[in-house]
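Student: No sequence on hand, only this structure:
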Ligand SMILES: Cc1ncc(C[n+]2csc(CCOP(=O)(O)OP(=O)(O)O)c2C)c(N)n1
Ligand SMILES: Cc1ncc(C[n+]2csc(CCOP(=O)(O)OP(=O)(O)O)c2C)c(N)n1
Ligand SMILES: [Mg+2]
Ligand SMILES: [Mg+2]
């Protein structure tokens, strides 16, 4: 048997797990750091608020959280810019990316509460969010199915002569679906300005990675498409943003797609009704020490980028925003029943 | 951008293109060589005969040939054995594999002429052959769709405690379909005794490889499934048989699937109605010097394994077998019209 | 006899079949350690081991295709779709591999695909559909859709023992809402046989799945108003009980076709064609269809209510039918 | 005016639309250098360039999905399936991405999927099917299936200009067998409008695609026997021309539903339900279905002949219908 000569190279930055180091991160300046922290904290605060509402029975259907994954989510969206034509195709755990892309907390709460003001008008649920104003396209449930459309969107950006990019997300479970393969291969062949962000949070519902795939790193698959593959620490927001920045440069230069595997952990159940019992306690304990927000906060304090006062202000601001948005949504009217039969077809 | 550290390692034997070297090929003895030649020649003779029939208007539908690919087809089936429970899931260009697996020329001609004696009873066409007696399962047209069932079959062999293996084939076009990914990944996870033989014959219908994929070698994809990947000379029947032999040992030892990319060339049109004009003449010329049968014959003569007399005898035997089978099929009755509505369901 | 829920009936059938036949095994996403998204196979991993209760990768096409291959090689897989909706990503395996294999090659494909389906659970466009009609329209497949614990158990056993690919649609809304006494001893409900769930003489409602209960509720109301409405539960959708339909129509002369699936191109059409061809002279009123709207399934409860058929909609249409 | 074949009409429509609107582009397997398996786009690569005539990898799901994404971002892709049969491997993209996008998100998906379909060309189980019914049963999609060069051209233009995903089923049997005069100037055939291809008064055949010609042939024979059979070509299958159907049934009072697709769960059922609900009082005979057998499409000509509807089968059923 031949040795496969190696696994895909792990990106230089990815000696995982490690702490955030005080080096220069490509594509970022220190002025970006507090913003990254803000989006991560806004994300967690919003999700915590939804959980409360859920426990009060005010949410219809399931609640899906990105707790523990905020660095991946926020860091990956940060280098992109909807006003440049970039488009975001997020998954259910990517609230952070949506906020970073410009979506307002109101939109989130309206959507989760199925209100008339929700971007899907109550026709789709939970975080299948669409926010056309910010080029955010809501996912369908079928995992990996958004990859081909996201690639097609990216392709259209190229056909139209823009420099825009589309970024899409996939899980360590969803990466086993055929569309992952067809979409990424097609993107590579047409050199679509496309980034696939693989959020490897160790589980797919209750299924651990050894039952999902047998390769070492999912980023190794990049080799089979002839595109750059990165394997990075998904709990270091700076490393995530830096890596996506590189992929963005690669795409904007006309060199096509990249695959980025961010290693992180889903710190809650698949959805809030899932007791998460199948995850060994030690594993959760271990990961709790790598919380992306706590880690980054400690780093910023140590570095002196922020001080306690600034942190407090940030938290106040976030609490205010979340409460405002939630109150707005709670008081907003529900969808008009007549909408049920409308807009199946475009005019 | 990180360098992907490497492409999959090319199998040691695969300094392609090269001539057949006079070394020891694992899993083979010199006594096997004339048999390999026989199957290759039988394949080409049978296909040439079908083309004649086709030109006489005696064949319904398309004719698909493996001309130029006989070494890949025959060499890959040779290390397996249906009497050990091994199963063959061939494609349209794998007549050589079917003969090697034990199927008779009669079956081939009955099938191509849609006779009652055809294994699909006239219900399926051309070389969608099924030969249950020899564990040959006929393909469906949808490329890559046979991978999951072939994996499932292999899995069943394992569940039932046998040492059997299933081998399935895929093209350089078909390898872009989602089932390639889902099937191979699943096989890797469950360690199914499975071999996927990728016949890279440079074209998919009229589409050249650079429009199918952007990676260097399709065998690099093995890395993304955590299985051995081989990139070999598909026109050297010994190298093909040796590589499959290794994959067989790997599978029988319980270590799971392998992916083998055999580099070869489709020397005729996609089907006989295709004029093949889109293939540069120089490319065909170049490949014509690598004809797997001529090459192997020259090697055997030089080595002294066979002499001209033996070759002549072999040809006579083959011609006799082909004529007998064809005459049998031509004279055989067609399917009973009543069969059209029968056997949709198993009893 | 024990009083069990619809979902328990499914669990019981699976367990009993696995004990009866060692070739039966279970595969799907999260069916092992988690016991399935709906906990149908909870405890099975411990009871039957990893070899027979297989947590698969997230790959519907591989699940269905591998099940088909294993079935052809002599096993009897029961594959679970986490939701029926996800069968669309394995669609080709179902309609081209499973459905056509026996006709083309003579290889039997004895496998069952369990599909938790249906709405009224606020699941939205991708967790609420009733995709059975696509498969009824694919020769080579069998399709069943029980409405009661008894039928759920008997049909699942029949499906597992059948030598063909059977799609088993289990309605999520019924899982824990419907209970009944089910005999302890082994029984099957034959595929292809319908069941009169309520006898009548003034009109027949032909339906299946969750809508059987909606039909029964409506029939009960009308009984109070003096009309006797028959409720025919098809149970099997392919093959379906053509004779029972004709027999009922001949007796009741008015027909409502009711299903939760969307209307255009749906199964009610098939039944209407059958009836209008074979019971034409017995019809005393137009055949009426009551179905969901022709839209994706909306998420918000207030929209889903407009979308789905319910007792009131059935009653309104029934009254019209009876007055015709 | 020029006399052109059905396949030429498709080519002409594509070329004219690509000239008219620079957002229109073509993608699919072998559509470029080869000009498509049926040579529909021969010469397009030279004429429009690689950017607008794209040879794709062998990946139906990526083709359909990428087309959808490009459409959402403002393009108007026309994706070719090499054979309609292969749409099953991209099924999820069609029914869950394309069909539901506008309803859920408000993004329009202006794309066309060309699907060379149908049998009688000895293509066997995987190159002969008529998969339209699955899509008619999926809200959010439009489905058309022309029978003549005029309709082929006008409907393809309408499909490309439509702001929704349109599945365009072009029947391979008709490609080079049917010719007619087609105006040179720009025209469309509106989606949703049927066409009376032959007027009659004694019975109506409702059909589409290749079967329109079978129906016309049968009607011609019966005209010689003194019966006037109307032939209603639906052209669009979703939406379909409900009013025209009812109007015709009201005039002719006897109905045959004819399609090449298999019967159970097929479109004839939909039409039967519509008629038996809305023209009940005008029916003087049972509604008759003539369709293919409920089997995969067999390969051998002698078997395919048994499988498919043809003039003789239609005539036999028509005579019975007229005598009822
Ligand atoms: C095609 C498909 N099959 C099944 C499901 C049901 N399902 C929803 S989430 C999930 C697990 C997803 O795991 P992963 O991709 O790792 O994403 P994560 O939830 O961990 O972020 C499954 C099986 C689905 N959504 N799509
Ligand atoms: C899923 C699918 N899409 C399209 C086709 C039509 N088709 C038949 S053969 C072919 C090219 C196949 O190329 P490759 O896989 O390289 O096999 P080869 O013919 O070269 O052996 C295509 C596109 C098909 N058979 N299956
Ligand atoms: Mg995960
Ligand atoms: Mg090829």
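Tutor: That came through, no problem. Quantities reported herein were computed from a predicted structural model and do not represent experimental measurements. Ligands and ions are numbered 1, 2, ... in the order given.
Student: okay, now residue 104: neighbour count?
Tutor: Using chain A here. Counted with other Cβ atoms under 10 Å in any protein chain shown, the neighbours of residue A:104 add up to 17. Yep, even glycine has a C-beta here, placed from its N, CA and C like the rest.
Student: To clarify, I was referring to chain C.
Tutor: Counted with other Cβ under 10 Å, the neighbours of residue C:104 add up to 25.
Student: Stretch C:183-201 close to chain D?
Tutor: No. Counting by Cβ under 8 Å from any Cβ of the partner chain, no contacts exist between stretch C:183-201 and chain D, the nearest distance being 12.6 Å.
Student: distance between the ends of that stretch?
Tutor: With Cα to Cα, to the nearest Å as the measure, stretch C:183-201 spans 30 Å from end to end.
Student: And for stretch C:46-54?
Tutor: End-to-end distance for stretch C:46-54: 12 Å, by Cα to Cα.
Student: Buried residues of that stretch, list them for me.
Tutor: With burial defined by 16 or more other Cβ atoms under 10 Å in any protein chain shown, the residues of stretch C:46-54 counted as buried are C:48, C:52-54.
Student: Kindly report the residues of chain C close to ligand 1.
Tutor: Proximity of chain C to ligand 1 (Cβ under 6 Å from any ligand atom) is limited to residues C:29, C:58, C:60, C:82, C:86, C:89.
Student: which non-adjacent residue is nearest residue A:84?
Tutor: With Cβ to Cβ, 6 or more residues apart in numbering or on different chains as the measure, residue A:164 is the residue that lies nearest to residue A:84, at 6.1 Å, once sequence neighbours are left out.
Student: Need the contact partners of the helix or strand residue C:223 falls within.
Tutor: Residue C:223 is part of helix C:211-224, with elements assigned from DSSP states H and E. Here helix C:211-224 makes contact (Cβ atoms under 8 Å, 6 or more residues apart in numbering or on different chains) with C:147-148, C:174, C:178, C:197-198, C:200, C:205, C:207, C:228-231, C:233, C:258-260, C:309-311, C:314-315, C:318-319, C:322.
Student: now with 6 Å?
Tutor: Applying Cβ atoms under 6 Å, 6 or more residues apart in numbering or on different chains, the contact partners of helix C:211-224 are C:147, C:197-198, C:205, C:207, C:229, C:231, C:233, C:258-260, C:311, C:314-315, C:318.
Student: likewise stretch C:180-199?
Tutor: With contact meaning Cβ under 6 Å, 6+ apart, stretch C:180-199 is reached by C:1, C:3-4, C:142, C:144, C:148-151, C:153-155, C:157-158, C:212, C:216, C:219, C:230-236, C:239, C:241, C:244.
Student: end to end, how far does it reach?
Tutor: 19 Å.
Student: Spit out the contact partners of the closest residue to residue C:146 other than its chain neighbours.
Tutor: If you skip the residues right next to it in sequence, residue C:146 has residue C:152 as its closest partner in space, 4.1 Å away by Cβ to Cβ, 6+ apart. Contacts of residue C:152 were listed using Cβ under 6 Å, 6+ apart, and they are C:6, C:9-10, C:146.
Student: mind redoing it with 7 Å?
Tutor: By Cβ atoms under 7 Å, 6 or more residues apart in numbering or on different chains, the contact list for residue C:152 reads C:6, C:9-10, C:146, C:170.
Student: got the end-to-end distance for stretch A:260-275?
Tutor: Its first and final residues considered, stretch A:260-275 spans 30 Å by Cα to Cα.
Student: wait, what's in contact with the residue nearest in space to the middle of chain C?
Tutor: By Cα atoms, centre = their mean, the mean C-alpha position of chain C lies nearest to residue C:145, the distance being 1.5 Å. Residue C:145 makes contacts with C:132, C:169, C:208-209, C:237, as judged by Cβ under 7 Å, 6+ apart.
Student: can you tell me which of the residues you listed are in helices?
Tutor: In helices, defined here by DSSP state H, the members of these are residue C:132.
Student: Take the contacts of residue C:145 and lay them out in CSV including distance to ligand 2 and pLDDT.
Tutor: Formatted as CSV, the contacts of residue C:145 follow (distance: Cβ to the nearest ligand atom, whole Å; pLDDT from 0 to 100):
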residue, distance to ligand 2, pLDDT
C:132, 25, 98
C:169, 27, 98
C:208, 34, 98
C:209, 33, 98
C:237, 28, 98
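Student: Are any of the contacts of residue C:145 buried, and if so which?
Tutor: Buried members of the contacts of residue C:145, counted by 16+ other Cβ under 10 Å: C:132, C:169, C:208-209, C:237.
Student: Nearest to residue B:40 among the residues you listed?
Tutor: In terms of Cβ to Cβ, no member of those lies closer to residue B:40 than residue C:132, at 49.4 Å.
Student: Next, find the distance separating the closest one from residue D:137.
Tutor: From residue C:132 over to residue D:137 the distance is 10 Å, taken as Cβ to Cβ, to the nearest Å.
Student: got the buried ones among the contacts of residue C:145 as a markdown table, with distance to residue B:83 columns?
Tutor: Conversion of these to a markdown table gives the following (distance: Cβ to Cβ, whole Å):
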| residue | distance to residue B:83 |
| --- | --- |
| C:132 | 43 |
| C:169 | 42 |
| C:208 | 48 |
| C:209 | 48 |
| C:237 | 43 |
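Student: can you tell me which of the residues you listed lies nearest to residue A:219?
Tutor: The shortest gap between residue A:219 and any of the buried ones among the contacts of residue C:145 belongs to residue C:169, at 38.9 Å (Cβ to Cβ).
Student: mind listing what that closest one touches?
Tutor: Contacts of residue C:169 by Cβ under 7 Å, 6+ apart are C:84, C:115, C:117, C:132, C:144-145, C:209.
Student: which pair in these spans the largest distance?
Tutor: C:84 and C:144 (12.8 Å).
Student: Who has more neighbours out of the two?
Tutor: With neighbours defined as other Cβ under 10 Å, residue C:84 and residue C:144 compare such that residue C:144 has more, 30 against 25.
Student: Okay, strands next: where are they in chain A?
Tutor: A:87-89, A:166-171, A:194-200, A:203-204, A:207-208, A:229-233, A:258-263 (DSSP state E).
Student: measure the nearest residue to residue A:203 once chain neighbours are set aside to ligand 3 for me?
Tutor: Distances taken as Cβ to Cβ, 6+ apart put residue A:266 closest to residue A:203, at 5.6 Å, once the chain neighbours are dropped. Applying Cβ to the ion, to the nearest Å, one obtains 6 Å for the distance of residue A:266 from ligand 3.
Student: what about residue A:266, how many residues close to it?
Tutor: Neighbours around residue A:266, by other Cβ under 10 Å: 26.
Student: and it, what are its phi and psi?
Tutor: phi -80, psi 110 (degrees, to the nearest 10).
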